[in-house]
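> Sequence and predicted structure below; questions after.
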Amino acid sequence: MTHRRSFLQTAFAGGLASVAITRDLYAQASGPIVIGHQIELTGGFSSWGYWHDKAAKAAAKLINEGGGIAGRRLDLVTEDTESNPAAGARKLRSLVQRNRASFIQGSVHSGVMLASIPLAAELKTIYFSTGEATEATGSRGSRWAFRTGSDTYSLAGAAAPWAFNNLGKTWTMIFPDYAWGHSHYQEHKAVIERLGGKVYDPIAVPLDARDLLPYLTRIPQDTEVLFSVFFGAQSIAFYTQAKSMGLARTMRMYSVSGTIEAIAPEDIDGAAEGVVVVENFPRVLSAKDDEFHREHLRLMEVDDVHAREASSRRVYAKSHAWQAWENLFLLKRAIESSGWRTKRDDPGVVEALEGMEMPNSLAHPQGAKTLRKQDHSGMVDTYISRVTNNVLAPVHKVTKESLAENLPPRFDFSTQAL
Amino acid sequence: MSALSVNRALTLLLLIALVAAPPLLGWMEVDFWLVVLTEILIWGLLASSANLLFGQVGLLSFGQALYFGFGMYGVAIGIDRFGLGLWPAMGLGIAASLGMAAVAGLVAVRLTWHYFAIITVVFSLIFYFLALRLKPITGGDDGLSFAAPPILDWGSLRLTLGDDATQYWFVLLIVVLAFALQARLRASALGRAFAAVREGERKASLLGIDVLRVRWIAFVIAGGLAGLAGALFALFGRYASATHMYYTVSGEAVVWTVLGGAGTLLGPAIGAALLILVREELSTVWEHYPLIVGALTIAVVVFAPKGIAGGWNLMLARVLGR
């Protein structure tokens, strides 16, 4: 899959041979189409990165078995961001300039994606974010940046009213002290206060904190809903330490999918029992029981209930990693429908992506969705699920239509010049 | 022919090669490496700041990342928050790092060896955590991203960092000037005072040298060089982050210095170049590449304790019979 050219190889072996070649980055109208994948294989997000990698590779294999993109082979090139914004930006440049990637399937790490978006715009390269910080398709967005999945704006708009009516009206929010957490806080606070609820001062936890007790003890006693946003090891620390403090006895625990992503409730000894979670792609097959979802799970080699990998104890980071799968198919459609041949034709792909409808299919197993033209945001079905007997299963569904109706676009990138 | 004239001729050749790199790499169809070369120049400058303290004055600092970070944030905040142009923002970054070094130096230069190393780490950690906490100013863990203003916008002449070759020549020019300044410094009375303090502070003070003052001046100059590197790195990445203020970044600068040859003018930059090239080659193959970088560093330190440039100088002296 990986095609790259080593400096040493070129300098000492191939350099002289290239004398007669007229170099033009934009002249390759045939041969493989290179898509770069900027992911977190190491660092804090590595438990998710594994699944983004697996999903993208499985999708690329499927696309190539089906004849590639416009008859050309898809070459997927992967670079590890080390869960570090500076390294991520460097790897983005490497994907575009070194590996000649024409399109980028981007990071789920909000810091990495926010550092990458201006660079992608400068390199005039289409970049798909998979993280949730709303700025990626908002104040820091650009015409070159898209996101098929949810952002904090849509997750708050979809699920916070339900949580307000069903869980409680006095909220405290606890989250990691970086873009993703703050973005969730701001969007949820706006919704809860608009509905007449009360939101206490936020509790922002340093990213490297593992002992959360100093932060959990700051939660006001009369909190009705404790809204948490964490990932990886900090999620486990949050659930287990919150349980040991007995917080669930006095307040309702509410989280975004990221907090329980890649974690099986049974692996944390019931610490997540009763927790309500907003999901994009329900963990259990029965919540969206169709042939596409079933086949997707088969190809990802995970079970139908816990989304656990057959050959390991890993749990599919399903609510985020589906984008790594679907975005490749989305790009395939945009490339083919716009008649793209070289990077010179990129503006056509941008225009094709804007407003694109995606039907429920094996290409889009999460379900039918729209990539909204103005703010480049995916309008997707959202599920509110609860952990019961260690199984995370939906109790309520918010359709993409009602989401779009309640969340008017706040930005219009489609008017920006390409 | 003396070793000095051989080294001067090689430095001139290196400079010619560096100036010609953009068309040369373009011709070889490996223009991505121009971006890596730009990065090497910047990190080489940071390594030279660690070298000024360690190689010339005998102070092992694990805190150069602090001044690098001040340079970065000076540029990012200047552009993103104050709307400054490129040159004023760079000036802000360098002034911030010089100011910080001047203040920290007042405390740090009173200590030597491991006490000095520890105090530089402590300063670095304090400001690293402050940068993480002061989210409205520094962007916290997310850092600050910005669009770089033009280098020059004069009538129809507009030079921007968006063009890789322009960016490279811009960085090369500043880095070459910074190294030329260091070369002048080494040959000056102050440079000789640095060497005297390194060789023995008691002897230096008997010669009438104000040791603390000399150390403080070296500390501030090294801080300014690190700040200049940070300012260039922020412009290069269009981004500033607290991660670059962490003491491990300072540690990398020390490793590059030791590997390349502490006390030599270009050794630290050669060390940085070698390890960055190794990183670029290995990181796409194996994500745990730092293990190999570590093993390589240990091997060089064990088998060539004076570093690459030091080893080269020894060999040259042997070949030329002096």
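That came through, no problem. Numbers count the residues shown, from 1 in each chain, chains lettered A, B, ... in the order given.
> Distance-wise, check whichever residue of the stretch 151-300 of chain B sits closest to chain A relative to residue B:142.
Nearest to chain A in the stretch 151-300 of chain B, going by CB to the nearest CB, is residue B:287, at a distance of 4.6 Å. Placement of C-beta: from N, CA and C, glycine included. According to CB to CB, to the nearest Å, residue B:287 and residue B:142 sit 23 Å apart.
> Between those two, tell me which one has more neighbours.
Applying other CB atoms under 10 Å in any protein chain shown to residue B:287 and residue B:142 shows that residue B:142 carries more neighbours, namely 28 against 17.
> Quick one, grab the pLDDT at the more buried one.
On the pLDDT scale, residue B:142 is placed at 74.
> go on, residue A:15?
pLDDT, read off for residue A:15, is 38.
> next one: residue A:301
97.
> number of nearby residues for it?
Using other CB under 10 Å, the number of residues around residue A:301 comes to 15.
> show me the contacts for it.
Going by CB atoms under 8 Å, 6 or more residues apart in numbering or on different chains, residue A:301 touches A:309, A:310, A:311.
> Selecting buried members of those residues in PyMOL, what would you type?
Restricted to buried positions by 16 or more other CB atoms under 10 Å in any protein chain shown, the PyMOL selection for the contacts of residue A:301 reads:
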select buried, chain A and resi 309
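> Show me the contacts of residue A:301 that map onto helices.
Using DSSP state H, no member of the contacts of residue A:301 falls within helices.
> Can I get the contacts of residue A:301 in JSON lines including distance to chain B and pLDDT?
Formatted as JSON lines, these follow (distance: CB to the nearest CB, whole Å; pLDDT from 0 to 100):
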{"residue": "A:309", "distance to chain B": "20", "pLDDT": "96"}
{"residue": "A:310", "distance to chain B": "24", "pLDDT": "95"}
{"residue": "A:311", "distance to chain B": "20", "pLDDT": "94"}
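> Just put the contacts of residue A:301 in TSV and tack on distance to residue A:389.
Conversion of the contacts of residue A:301 to TSV gives the following (distance: CB to CB, whole Å):
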residue	distance to residue A:389
A:309	21
A:310	22
A:311	25
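> Among the contacts of residue A:301, which one lies nearest to residue A:338?
Closest approach between the contacts of residue A:301 and residue A:338, by CB to CB: residue A:309, at 36.3 Å.
> where do the helices sit along chain A?
For chain A, helices defined by DSSP H occupy the ranges A:7-9, A:46-65, A:85-93, A:110-122, A:152-166, A:179-194, A:213-216, A:233-244, A:257-260, A:291-300, A:318-338, A:346-353, A:400-406.
> ugh, typo on my part, it should be chain B
Ranges of helices within chain B are B:3-27, B:32-51, B:64-80, B:86-108, B:113-133, B:135-138, B:164-187, B:189-199, B:201-206, B:211-237, B:247-260, B:267-283, B:290-303, B:307-319, based on DSSP H.
> anything in the third one near chain A?
Spelled out, that is helix B:64-80. No: Helix B:64-80 lies apart from chain A when judged by CB under 8 Å from any CB of the partner chain; the minimum separation is 9.8 Å.
> follow-up on the earlier one: nearest to residue B:66 among the contacts of residue A:301?
Among the contacts of residue A:301, residue A:309 lies closest to residue B:66 (CB to CB), at 43.5 Å.
> Around residue B:112, how many other residues sit close by?
Neighbours of residue B:112 using other CB under 10 Å come to 15.
> Quick check: residue B:313 touching residue B:264?
Yes: with contact defined as CB atoms under 8 Å, residue B:313 counts as touching residue B:264 (7.0 Å).
> Name all residues that sit in contact with these two at the same time.
Joint contacts of residue B:313 and residue B:264 (CB under 8 Å, 6+ apart) do not exist.
> Could I get the contacting residues of residue A:363?
For residue A:363, the contacting residues are A:326, A:329, A:330, A:332, A:333, by CB under 8 Å, 6+ apart.
> any idea how far whatever residue of the stretch 101-250 of chain B ends up closest to chain A lies from residue A:88?
Proximity of the stretch 101-250 of chain B to chain A (CB to the nearest CB) peaks at residue B:141, 3.6 Å away. To residue A:88, residue B:141 is 13 Å away according to CB to CB.
> what's the domain layout of chain A?
Chain A breaks down by automatic domain parsing into domains covering A:7-150+A:319-379, A:153-316+A:380-406.
> Could you point out which residue ranges in the chain have low pLDDT?
Looking at chain A here, since you left the chain open. Regions of chain A meeting the criterion pLDDT under 70 cover residues A:1-29.
> Switch to chain B, please.
Counting by pLDDT under 70, chain B shows low-confidence ranges at B:322.
> Contact residues of it facing chain A?
So chain B meets chain A at B:26-33, B:35-36, B:39, B:132-133, B:135, B:140-143, B:145-147, B:162, B:164, B:237-239, B:241, B:243-244, B:277, B:280-281, B:283-284, B:287-288 (CB under 8 Å from any CB).
> out of those, which are buried?
Applying 16+ other CB under 10 Å to these flags B:28, B:30-33, B:35-36, B:39, B:132, B:135, B:140-143, B:145-146, B:164, B:237-239, B:241, B:243-244, B:277, B:280-281, B:283-284, B:287 as buried.
> how many other residues sit next to the residue nearest to residue B:271 when sequence neighbours are not counted?
Sequence neighbours aside, residue B:260 is the residue nearest to residue B:271 in space, at 2.7 Å (criterion: CB to CB, 6 or more residues apart in numbering or on different chains). Residue B:260 is flanked by 28 other residues according to other CB under 10 Å.
> and what of residue A:392?
Using other CB under 10 Å, residue A:392 is surrounded by 28 other residues.
> With adjacent residues omitted, what lies nearest to it?
That would be residue A:283: by CB to CB, 6+ apart, it lies 4.6 Å from residue A:392.
> What is the burial count for that neighbour?
Residue A:283: 29 neighbours (other CB under 10 Å).
> can you pull the contacts of it?
Counted by CB under 8 Å, 6+ apart, residue A:283 has contacts A:305, A:306, A:307, A:316, A:318, A:319, A:385, A:392, A:393.
> So for the fourth one, what's the nearest residue that isn't a sequence neighbour?
The reference is to residue A:316. Closest residue in space to residue A:316, ignoring its immediate chain neighbours: residue A:307 at 3.9 Å, by CB to CB, 6+ apart.
> Does the one you found touch residue A:318 like I think?
Yes: counting by CB under 8 Å, residue A:307 does reach residue A:318; the two are 5.3 Å apart.
> For residue B:139, which residues are in contact?
Contacts for residue B:139 (CB under 8 Å, 6+ apart) come out as B:76, B:145, B:240, B:241.
> Great, nothing more from me.
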